[in-house]
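**Student:** Sequence below, structure please.
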Amino acid sequence: MKKILISAAILFASIATASADDRERPTTVDKLPANAQQFLSQHFKNLSVAFVVEDPKMVGSEYEVTYTDRTEVDFNPQGEWTSVECKYNAVPASVVPRQISDYVAKSNFPGQHIKKIERNPYTWEIELSGGLEIKFDMNFNVIGYDD
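**Tutor:** Next up, the predicted model:
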């Protein structure tokens with residue numbers, strides 16, 4: 001019985017120590033993958049970084065960069081952007097694929113701008129300033145709306 005308790009205590013301590021390394025932690029822009037740094041300097045060079053968070057995963061780390069105007073940019077472990085959210089302004093046009101910009105411009109969304117864009121291997125999703133979310137497939141065909 002004593003061996004079981006000691007083994008359980010060692011196992012618990014090992015798990016606690018290993019999971020402590022999996023917590024989000026602050027970092028800096030210069031610690032981001034090179035392509036993430038390039039993306040930020042290309043599209044957000046006029047903004048000031050408030051903080052950068054590294055979120056360790058089983059394979060690599062994900063990153064979240066927050067600017068002083070509350071714009072947030074998320075990156076996957078390869079340094080590819082996965083989402084851009086601008087709280088008070090439009091997502092930079094240079095980030096939005098032309099097909100999505102054209103769809104928003106040609107549709108009935110007067111006076112609205114894209115405030116959030118997300119991408120994953122299968123879909124793109126945008127949120128307009130009026131709150132409407134539009135989902136596209138990888139060929140930029142609309143596959144859904146959500147308000």
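
**Student:** which ones are touching the one residue sitting closest to the centre of the chain?
**Tutor:** Residue closest to the average C-alpha location in the chain (C-alpha atoms, centre = their mean): D74, at 2.4 Å. Residues in contact with D74, defined by C-beta atoms under 8 Å, 6 or more residues apart in numbering, are E62, Y63, E64, V65, W81, T82, S83, V84. For glycine as for every other residue, the C-beta is placed from the backbone atoms N, C-alpha and C.

**Student:** surely S101 meets V95?
**Tutor:** No - taking contacts as C-beta atoms under 8 Å, S101 lies outside contact range of V95: 10.0 Å.

**Student:** of these two, who's got more company?
**Tutor:** Each of S101 and V95 has its neighbours counted (other C-beta atoms under 10 Å); V95 has more, 20 against 15.

**Student:** What are the phi and psi values at that one?
**Tutor:** phi -90, psi -30 (degrees, to the nearest 10).

**Student:** need the contact list for it.
**Tutor:** So V95 contacts H43, W81, V84, I117 (C-beta under 8 Å, 6+ apart).

**Student:** Who is K116 paired with across the strands?
**Tutor:** Taking DSSP bridges as the rule, K116 bridges to E85, E127.

**Student:** so where's this protein shaky on pLDDT?
**Tutor:** Scanning the chain with the threshold set as pLDDT under 70 gives 1-21.
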